[in-house]
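Q: Sharing a model prediction with you, sequence too.
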Amino acid sequence: MRLSKKHLLIGALLLAVLILSYLKTNHIVFPEHLRFDNSLDRLRELDTSLNQDVLKVRFHLLEDYDELLQEMSEMKQIAGDSTIIPSYIPEDRRREIRRKMEALSSLLAQKEELLERFKSQNAVLSNSLRYLPLAGTELVNRNAADEQRHDLDFLLNDLMRQVLVYSLLPSEDQTTGIHQAVVKLEEWRSQHGGDAQDAMIASLVLHANSVVVHKPRVELLTRQLLSIQTHTGIEEILDLYDDCFSGALHAADLYRVALYVLCGLLTLGIGYTIYALDAANAHLEARVAERTGELSHKNGELKAEIAERLRIGAEMEQINKKLLDVSRRAGMAEVATSVLHNVGNVLNSVNVSCSVISEAVRKSRIRTVGRTAALLQEHTGDLPEFFLHNPTGQKLPDFLCKLSEQLTKEQTSTLNELQSLSRNIEHIREIVAMQQSYANVGGVQETLPIRDLIEDALQMNSAALARHSVEVIREYGETPLVSVDKHKVLQILINLVRNAKHALTDGERKEKRLTVRLASDDSQIKVWVKDNGIGISPENLNRIFAHGFTTKKRGHGFGLHSGILAAQEMGGSLTVHSDGLGFGATFVLQLPLVAGRRNSS
């Protein structure tokens, strides 16, 4: 039985819902819950303890203020840490809890400010209350007379009683009683006091007045501290958080029920799948048995086909040997054609050089030397008279100087052409030698400036370029040294220059320009041979380097083919670009450099 896409989709959907339900049942992170809940409980305990300690300090049951400050500091720290709300709380409830926490932090800041003021005022009040009994006892002990001691004891006890009652239950009547006791004590000082008694009575009066002043302030600050509703804010946050936690637990229970239901459905689905797989297995076994019989039959047919193919393979091997022999002969023909083409290119230059030499010899003024010698021979006996008075003799020295210059020029031109002819003949010899040794080893590698080879190629075609009024533009950058087969590179450059000359003469442009540019980078050298001649059509660009392809009437299609093969053998490349007919063409020869060796132009 094959499971349909519908069954697979339903199974995938149930699995996704199962995973979602499982995640939802465990979305409450209990460490986060315990941390947040314990922080709120601790905050409530600290708030209650702080209020109790404030009352203890008010009634002088607690003298140490450090405990108050520690409780307040811990409450602020807990309030700050409680802004990290558990992640399972919904976003709207998180915003509400965060808002209530901010309000609670504001109340704690107010309470901290009041607590600092309460501590300051209560410290002054406590100091005055502790000083009064001690100062009164010392004052009575200093009084020597018994009668004066009795009166002073009465006045001091009255003042002490009024102050202590006022410190426990301040009222207007008690304030009046303290003022009256102070007045009576001042009267006693005016009657019996001395300098030392005056100072001590003034100090007693000052502390009594301090109690009257600071006691109402302490009472007011106590009421303000206790009236700040931090406890209510904490309870609201606890109630809200407990409600959220209860809702999350309820949702987790619902998802857990859904998870159980889905597990039951998946169990049923797995049972049905096992049943279907058993049925499919039985069907598959039947199909396998059927297929086995078919394969046995096919195997016999395949053996017969293999035998037939072995026979055909033997025949193909014989045919392949014949093809290899034909291919070898074709390769030999291609090599011979390449040699003839390259030798033919050089022979054109040889013919041009021979023509130039023949023309120079034919037009030479050397015969004039013979006539001049005959003239001198006629006047051998009277040469001084001939040079001094004969008009022809007078012109003869100047004529001989000019004739000498002309013959020198002819000699120089003839020597140059003979050198070019010698280089071309040497190039022909190298071409033949290179092809003869091609089957054994590669050409000799030489390290030399590529610029010299470019100039040799231009020189070999100089006569033809000058005859067709072709302007040669040289754009040489830094001249690098390259390790190449000199004659292969020269063969490529001669072909490129000659092809450019033909493209320029076949075009209709009056201004014929041949641009040769040389440049290099860190790894290779590039030679551009660019003309503004007839150009190359787009359909011919992909075939320009094919063996036997040519667009020239008398061409053979061997030059560019042999050129790109030679460039590749040297590890370089030969490419072409043209924008179409009438837009000229640019050939680019790329060759590897000798690493780290250069010389300036």
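A: Sure thing, it's come through. Note that this is a predicted model, so its numbers are computed, not measured. Residues are numbered from 1 along each chain as shown.
Q: May I have the secondary structure class of residue 513?
A: In three-state terms, and counting by DSSP: H, G, I helix; E, B strand; the rest coil, residue 513 is strand.
Q: what about it, how many residues close to it?
A: 16 (other Cβ atoms under 10 Å). From N, CA and C alone the C-beta is placed, and that goes for glycine too.
Q: likewise residue 165?
A: 15.
Q: could you give me the average pLDDT of whichever helix or strand residue 77 is part of?
A: Under the criterion of DSSP states H and E, residue 77 resides in helix 66-81. Helix 66-81 comes out with an average pLDDT of 83.
Q: The helix or strand following that helix - contacts with which helices or strands?
A: Downstream of helix 66-81, the next assigned helix or strand under DSSP H and E is helix 91-142. Secondary-structure packing of helix 91-142 (3 or more Cβ pairs under 8 Å, 6 or more residues apart in numbering; DSSP states H and E): helix 30-58, helix 66-81, helix 146-168, helix 195-227, helix 230-362.
Q: State the mean pLDDT of helix 91-142.
A: 83.
Q: Check stretch 244-261 too.
A: For stretch 244-261, the per-residue pLDDT averages 80.
Q: How about the contacts made by residue 100?
A: Applying Cβ atoms under 8 Å, 6 or more residues apart in numbering, we find residue 100 in contact with 233, 236, 237, 240.
Q: Dump these into TSV; add pLDDT, distance to residue 163 and neighbour count as well.
A: TSV is the format used below for those (pLDDT from 0 to 100; distance: Cβ to Cβ, whole Å; neighbours: other Cβ atoms under 10 Å):
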residue	pLDDT	distance to residue 163	neighbour count
233	86	39	21
236	87	43	16
237	86	44	22
240	88	49	15
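Q: ok, and residue 575, which helix or strand is that part of?
A: Residue 575 belongs to strand 573-577, assigned by DSSP H and E.
Q: how far away is the nearest residue to residue 219 once chain neighbours are set aside from residue 162?
A: Excluding the flanking residues, the one nearest residue 219 by Cβ to Cβ, 6 or more residues apart in numbering is residue 170, at 6.4 Å. When Cβ to Cβ, to the nearest Å is applied, the distance between residue 170 and residue 162 equals 11 Å.
Q: And these two? Which one has more around it.
A: The residue with more neighbours, out of residue 170 and residue 162, is residue 162; 23 against 16, by other Cβ under 10 Å.
Q: now the more buried one: how far from residue 253?
A: 69 Å.
Q: Could you do residue 548 as well?
A: In terms of Cβ to Cβ, residue 548 sits 88 Å off from residue 253.
Q: ok, now residue 401?
A: To residue 253, residue 401 is 129 Å away according to Cβ to Cβ.
Q: contacting residues around residue 249?
A: Contacts of residue 249 by Cβ under 8 Å, 6+ apart are residue 28.
Q: Residue 529 sits in which helix or strand?
A: Going by DSSP H and E, residue 529 is in strand 524-531.
Q: Touching that strand from outside, list them.
A: Residues contacting strand 524-531 (Cβ under 8 Å, 6+ apart): 450, 454, 480, 482, 493, 496-497, 500, 503-504, 512-520, 572, 584-593.
Q: again, only using 7 Å
A: With contacts defined as Cβ atoms under 7 Å, 6 or more residues apart in numbering, strand 524-531 is touched by 450, 454, 480, 482, 496-497, 500, 503-504, 513-520, 584-593.
Q: In the sheet, which strands lie alongside that strand, parallel or antiparallel?
A: strand 512-520 (antiparallel), strand 585-592 (antiparallel) (DSSP bridges).
Q: how about these, which one is nearest residue 294?
A: Closest to residue 294 of the strands paired with strand 524-531 is strand 585-592 (Cβ to Cβ; 60.4 Å).
Q: In that closest one, which residues are buried?
A: 585, 586, 587, 588, 589, 590, 591 (16 or more other Cβ atoms under 10 Å).
Q: In contact with the fourth one, which residues?
A: Pointing back at residue 588 there. With contacts taken as Cβ under 7 Å, 6+ apart, residue 588 has the following neighbours: 526, 528, 575.
Q: can you rerun that using 10 Å?
A: With Cβ atoms under 10 Å, 6 or more residues apart in numbering as the criterion, the residues that contact residue 588 are 496, 517, 526, 527, 528, 529, 530, 573, 574, 575, 576, 577.
Q: which of these lies closest to residue 64?
A: Nearest to residue 64 among those, with distances taken as Cβ to Cβ, is residue 526, at 92.5 Å.
Q: in the sheet, who's paired with the closest one?
A: residue 519, residue 590.
Q: how close does it get to residue 237?
A: Taking Cβ to Cβ, one finds residue 526 at 79 Å from residue 237.
Q: And for residue 228?
A: 15 Å.
Q: Over to residue 103?
A: As for residue 103, its distance to residue 237 is 9 Å (criterion: Cβ to Cβ).
Q: For PyMOL, what selects the buried ones among the contacts of residue 588?
A: The following PyMOL line selects those of those that are buried, judged by 16+ other Cβ under 10 Å:
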select buried, resi 496+517+526+527+528+529+530+574+576
